[in-house]
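[1] have a look at this prediction, sequence included:
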Amino acid sequence: MVDDFALLDRWCNGDRHAGEQLCARYFGEIYRFFVHKLADEADDLTQQTFLSCVKSRDRFKAQSSFRTYLFAIARNELFMALRRRMKVEHVDLAVSSLADLASTPTQRLGKHQERERLLAALARLPVEQQLLLEFHYWHGLDAGALAELHETTPGAIRVRLLRARKALRTLLGGALDAAEASDPLSTSLREPDDPEDPDDPAGRT
């Protein structure tokens, strides 16, 4: 299979088929990232994320995986969309939540009541905490990749994940018995936090 960055370089040089291959690999995952947050803009934001890959290729040093690079762009696109909705240039996404910033009801996104409760609680977290949990548990970015995305250290990421899980548990009120067993985030919420435990998902690098 052709390497992601090789496809990106070919796309940047005008190979449309290479671009279609690259989008096909990651479109579903990037779309899910946006639909959990701004459902009415998910299509446009997904397309813009891939177009931005081409526009910013010259500035990217390829020190991380293409997937991490793509999520970094998706994160930036989300932030810009939230600022457009608020019609302000500066929004503190470390304290503001999607419930504050976005007008789309999170409850429409889940097919099951417990899933809806989890999504609704996530939307009440500060955006940075919400994205950190989703990137780690739903998109599989480890502490190293998240550290690169956030320009910090894996140790700092583990601390942030610990705090984000605790905040999410508080919002859910501890009612986690019916949470989806197959969902890694739900599973982590039912387990005790131990930052010293090498088997804790938040401590994985």
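    Yes, it's here.

[2] every contact and neighbour count from this point should use C-alpha atoms.
    OK.

[3] and the one helix or strand residue 44 maps to, average pLDDT?
    Here residue 44, judged by DSSP states H and E, is contained in helix 42-55. Average pLDDT, helix 42-55: 91.

[4] residues in contact with it?
    8, 11-12, 23, 27, 30-31, 34-35, 70, 73-74, 77-78 (C-alpha atoms under 8 Å, 6 or more residues apart in numbering).

[5] go through these and flag which are in helices.
    8, 11-12, 23, 27, 30-31, 34-35, 70, 73-74, 77-78 (DSSP state H).

[6] in contact with residue 73: list those residues for me.
    Listed by C-alpha under 8 Å, 6+ apart, the contact set of residue 73 reads 49, 52, 53.

[7] please redo it, this time with the cut-off set to 7 Å
    residue 49 (C-alpha atoms under 7 Å, 6 or more residues apart in numbering).

[8] tell me which two of the contacts of helix 42-55 sit farthest apart.
    12 and 35 (27.1 Å; C-alpha to C-alpha).

[9] picking up where we left off before, which of the contacts of helix 42-55 lies closest to residue 115?
    Taking the contacts of helix 42-55 together and measuring to residue 115 by C-alpha to C-alpha, the closest member is residue 35, at 14.0 Å.

[10] number of residues surrounding the closest one?
    Residue 35 has 17 neighbours, counted by other C-alpha atoms under 10 Å.

[11] helix, strand or coil for residue 64?
    The local conformation at residue 64, judged by DSSP: H, G, I helix; E, B strand; the rest coil, is coil.

[12] spatially nearest residue to it (excluding sequence neighbours)?
    Closest residue to residue 64 apart from its sequence neighbours, by C-alpha to C-alpha, 6 or more residues apart in numbering: residue 145 at 7.3 Å.
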